[in-house]
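any chance you could fold what I've pasted below:
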Amino acid sequence: MATYRISELIKHLASIMNDGFEYVQISELEADEDLPICLSFEAIESSCCGIGYEEVNSVEVPENYDSSSSVLYHVDVNFTL
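Here you go, the predicted structure:
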């Protein structure tokens with residue numbers, strides 16, 4: 001199982017939504033020699049076509065990570081439902 005930063009996932013999904021898409025296919029791609037496991041995003045343009053977006057790489061949670069002492073920050077995303 002891979003770990004991802006929530007802020008990166010939200011930014012990617014908001015970008016796809018801001019581009020006018022309602023549906024997205026998300027696939028997990030296996031790691032290779034140079035890259036970690038990542039998520040691939042493809043916005044659904046029609047029932048037979050999609051548009052690829054940049055992948056989000058998995059991350060390692062720092063050893064000293066503690067959510068209660070982490071500095072949370074606001075992810076600035078704007079979209080209209």
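
okay, CA-based contacts and neighbour counts for the rest of this
Will do.

can you give me the strands in the protein?
Using DSSP state E, the strands of the chain run over 24-29, 38-46, 49-57.

and the shortest one, how far out from the chain middle?
Read that as strand 24-29. Using C-alpha atoms, centre = their mean, to the nearest Å, the distance from the centre of strand 24-29 to the centre of the chain it belongs to is 9 Å.

and what of stretch 24-41?
Using C-alpha atoms, centre = their mean, the offset of stretch 24-41 from its chain centre is 10 Å.

can you pull out the residues in contact with it?
Stretch 24-41 is contacted by residues 2, 16, 42-44, 52-59 when judged by C-alpha atoms under 8 Å, 6 or more residues apart in numbering.

now with 7 Å?
Contacts with stretch 24-41, where a contact means C-alpha atoms under 7 Å, 6 or more residues apart in numbering, come from Ala2, Glu42, Ala43, Ile44, Gly52, Tyr53, Glu54, Glu55, Val56, Asn57, Ser58.

can you dump the C-alpha atoms of it in CSV for me?
The C-alpha coordinates for stretch 24-41 follow below in CSV (Å, rounded to 0.1, in the frame of the first residue of the first chain):
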residue,chain,number,x,y,z
VAL,A,24,-11.8,10.7,-13.5
GLN,A,25,-10.1,7.3,-13.6
ILE,A,26,-7.4,6.8,-11.1
SER,A,27,-4.9,4.0,-11.5
GLU,A,28,-2.0,3.0,-9.3
LEU,A,29,1.2,2.5,-11.3
GLU,A,30,4.0,0.3,-10.0
ALA,A,31,7.4,1.6,-9.0
ASP,A,32,10.3,1.2,-11.3
GLU,A,33,14.0,1.8,-10.8
ASP,A,34,13.7,5.6,-11.0
LEU,A,35,10.2,6.4,-9.8
PRO,A,36,8.1,5.4,-6.7
ILE,A,37,4.6,4.0,-6.9
CYS,A,38,2.3,6.7,-8.2
LEU,A,39,-1.3,7.5,-9.1
SER,A,40,-2.2,8.2,-12.7
PHE,A,41,-5.2,10.5,-13.4
